[in-house]
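> give the three-dimensional model of this entry:
(one chain, ligands or ions: 1)
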Amino acid sequence: MNALLILVMGRIAGVTAAETRQRLLRAAADVFAERGYDGTRVADIAAAAGVSNGALYAHFASKADLLAGALRAHGRNLLADMFAADPEQPVVELLLLVGRSLARRRDARGYLIVEALVAARRDEDVARPMREYIGERADWLAELIRLAQAGGELDPALSPDAVAHFCLLLAMGSALVPPDLHAIGEEDWAALLTRVAGALTRTDTTAQRGINAVKVHIDPECCQGHGRCYDLAPGLFGDDEEGYGQVLGDGVVPPGLADQARRAVANCPERAIDLLEET
Ligand code: F3S
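Numbering: from 1, shown residues only. As a prediction, the model looks like this:
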C-alpha cells in the first residue's frame with residue numbers, strides 16, 4: 001500500500017468512510033468467493049482492501065457481518081437489477097428471463113450465496129445475519145408478486161410469500177447445482193418454466209370466452225431467421241442452431257406472456273407467427 005496513505009479513524013486518508021466501506025465489501029466478496037468462508041481470515045480481507053484490521057473493525061463487527069454485507073452489495077440479484085433497469089416490464093417476463101438464466105454458469109461472486117448458506121448451517125453467528133438477508137430478499141420478491149397480482153398478471157389467490165419463497169428456492173438451488181453438475185438443456189428448462197408460469201397466471205379471461213388455450217405457432221416455410229421473436233418474447237421462443245425461430249414447449253401462451261406473444265407476431269417481418277386459439 002502507498003506509504004502516504006495514513007489510516008485515520010477506520011478509513012484511509014483522502015478516502016471517505018463510505019468509500020472505505022465499499023472497498024471492504026468488494027474485497028470481501030472477492031476473497032470469500034475465491035477461498036470460501038472458512039478459508040478466509042479477516043486479515044485477508046483487510047489486506048485485499050488495503051486497510052488495517054483496526055480500520056476493518058471500525059466498519060464491520062465480525063467476519064459474519066462482512067459476509068452478509070458482501071452478499072447484499074455484490075451477491076447476484078439479477079431480478080432486482082432487471083427490474084431497476086425497466087420497471088415497466090411485465091413481472092412474469094422478468095421472472096422467466098431470470099429463471100432461464102439460472103441454468104447458466106455464473107461468475108465467481110454468483111456463488112457467494114453457497115458459501116453463506118453452508119457457513120450458516122454450521123455457525124449461528126452467520127445464520128443470524130443470513131436469516132435477515134433472506135428475509136429481505138423474500139419480502140422484496142413478495143412485493144413484486146403482489147404488484148403482478150394487482151396488475152392481473154398472476155393469480156391473486158396465490159400467497160405472494162409462497163410464490164416468493166418458491167422463486168428464492170429455485171435461485172439458491174441453482175447456485176448449489178451449477179451447470180457442470182447436471183445435463184438439463186436450456187431449451188427444456190425454458191419450456192418447463194413457461195409451463196410453470198402458465199400455472200401461476202390467471203386464466204379467467206380466456207375461460208370466459210370458452211378458450212382453453214392460446215398457442216403460438218411458427219410456419220417453418222416462412223421463417224427466415226430474423227430473430228425478433230426470440231428477442232422480444234424469450235419466454236415463448238428460442239432459436240435452432242441456424243438461428244431460425246422455434247416455439248418453446250407446446251407453445252401455450254400463459255396470460256402473463258400475452259403481450260410478448262402479440263409483440264412477436266407484430267414484429268416478425270415474414271409474418272411467420274400465428275396465434276391459435278383452442279376451444
Ligand atoms: Fe423467424 Fe420471424 Fe422469428 S422470421 S426467427 S419467426 S422473427
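
> can we go C-alpha only for contacts and neighbour counts from here?
OK.

> which residues of the stretch 51-200 of the chain lie near the ligand?
Taking C-alpha under 6 Å from any ligand atom as the criterion, the ligand has no neighbours within the stretch 51-200 of the chain.

> now do the helices in the stretch 51-200 of the chain.
Counting by DSSP state H, counting those that start in this stretch, residue ranges of the helices within the stretch 51-200 of the chain are 53-59, 63-74, 78-85, 91-101, 112-122, 124-150, 160-176, 186-200.

> got the angle between the second one and helix 112-122?
Our comparison of helix 63-74 with helix 112-122, counting by axes from the mean of the first three to the mean of the last three C-alpha atoms, to 10 degrees, yields an angle of 150 degrees.

> for helix 63-74, buried residues please.
63, 64, 65, 66, 67, 68, 69, 70, 71, 72, 74 (16 or more other C-alpha atoms under 10 Å).

> these two touch, right, the first one and residue 42?
Yes. Under the contact definition of C-alpha atoms under 8 Å, residue 63 touches residue 42, with a separation of 6.1 Å.

> before we move on, the earlier item: could I get the buried residues of helix 63-74 as TSV with pLDDT?
Converted to TSV, the buried residues of helix 63-74 look like this (pLDDT from 0 to 100):
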residue	pLDDT
63	94
64	94
65	93
66	94
67	94
68	93
69	93
70	94
71	92
72	90
74	90
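
> from the residues you listed, pick the one nearest the ligand.
Nearest to the ligand, judged by C-alpha to the nearest ligand atom, of the buried residues of helix 63-74 is residue 74 at 36.0 Å.

> leaving out the residues flanking it, which one is nearest to the closest one?
Distances taken as C-alpha to C-alpha, 6 or more residues apart in numbering place residue 29 nearest to residue 74, at 6.5 Å, with adjacent residues excluded.

> alpha carbons of the helix or strand hosting that neighbour, in CSV - could you do that?
Using DSSP states H and E, residue 29 falls within helix 17-35. This file holds the C-alpha atoms of helix 17-35, laid out as CSV (Å, rounded to 0.1, in the frame of the first residue of the first chain):
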residue,chain,number,x,y,z
ALA,A,17,-15.6,6.4,5.2
ALA,A,18,-18.3,5.3,2.7
GLU,A,19,-15.6,4.6,0.1
THR,A,20,-13.5,2.6,2.6
ARG,A,21,-16.6,0.5,3.4
GLN,A,22,-17.3,-0.1,-0.3
ARG,A,23,-13.7,-1.1,-0.8
LEU,A,24,-14.0,-3.6,2.1
LEU,A,25,-17.2,-5.1,0.7
ARG,A,26,-15.7,-5.5,-2.7
ALA,A,27,-12.6,-7.2,-1.2
ALA,A,28,-14.8,-9.4,1.0
ALA,A,29,-16.9,-10.6,-2.0
ASP,A,30,-13.8,-11.4,-4.0
VAL,A,31,-11.9,-13.2,-1.1
PHE,A,32,-15.0,-15.2,0.1
ALA,A,33,-15.8,-16.2,-3.4
GLU,A,34,-12.2,-17.4,-4.0
ARG,A,35,-11.4,-19.0,-0.6
